[in-house]
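Undergrad: Sequence and predicted structure are below.
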Amino acid sequence: MKNNPLLEKAIRNIVDFPKAGIIFRDITSLIQNKSAFKKAVNLLCNKYKGKKIDKVVGVEARGFIFGAAIAHKIGAGFIPVRKKGKLPCKTISATYELEYGTDTLEIHEDAIKPGESILIIDDLLATGGTVKAVTGLVNQLKGRIQGIGFVIELVDLKGKEKLKGYPVFSLVKFRGH
């Protein structure tokens, strides 16, 4: 699939952030652009139309923006997956590797009923570690992952390889980082 020109143009590229040699793909410029934001949400919704999604899981924090909009539009519930200590009820957690160290994500233990159809949404697929942790949480709660959607995919970081076996979709693909 070729990148949508409206979406690609709406994503701001910030050179040498957060460190030298990195091109940061900033979605804040996309969500500020009402046409681009609407297009991104509609394209993701169209991809998952007819899948009978029960709940959309959005990954903190930018996944909340797209996940909640998609859940609303397709008539599904929304589940936030948050950093450790941010959810008020009983949770289950998954720890994953970062470039320097680890991080932990949590989901309420009653967020998914066994067998529910789940769509996972995040803004960006880079190395895949974050969303791989989220798939573990959904699987632990016995949800059925119907798809994993991203606005941006950094192809050279090969995050899709960590998500083998799952239907992964991204709207805009960038090479180089």
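TA: Alright, I've got the coordinates.
Undergrad: Going by C-alpha atoms from here, please, whenever you check contacts or count neighbours.
TA: Will do.
Undergrad: Help me confirm that K2 is found in a helix?
TA: No: membership of K2 in a helix is not supported by DSSP: H, G, I helix; E, B strand; the rest coil, which gives coil.
Undergrad: which SS state does the closest residue to it other than its chain neighbours fall under?
TA: Counting by C-alpha to C-alpha, 6 or more residues apart in numbering, the nearest residue to K2 once its immediate chain neighbours are dropped is V172, at 8.0 Å. Look at V172: counting by three-state DSSP, its state is strand.
Undergrad: Tell me how far the spatially most central residue of the chain lies from F64.
TA: By C-alpha atoms, centre = their mean, the chain has its centre lying nearest to D122, at 1.4 Å. Between D122 and F64 the distance, using C-alpha to C-alpha, to the nearest Å, works out to 8 Å.
Undergrad: Overlap in contacts, those two.
TA: Taking C-alpha atoms under 8 Å, 6 or more residues apart in numbering as the contact criterion, the residues that touch both D122 and F64 are G58.
Undergrad: Any regions of the chain where pLDDT drops low?
TA: Filtered on pLDDT under 70, the chain yields the residue ranges 1, 177.
Undergrad: Which element, helix or strand, includes T135?
TA: helix 129-140 (DSSP states H and E).
Undergrad: now for that helix, which elements pack on it?
TA: strand 91-98, strand 101-108, strand 144-154 (3 or more C-alpha pairs under 8 Å, 6 or more residues apart in numbering; DSSP states H and E).
Undergrad: check contacts around I92.
TA: For I92, the contacting residues are E106, I107, H108, E109, L137, by C-alpha under 8 Å, 6+ apart.
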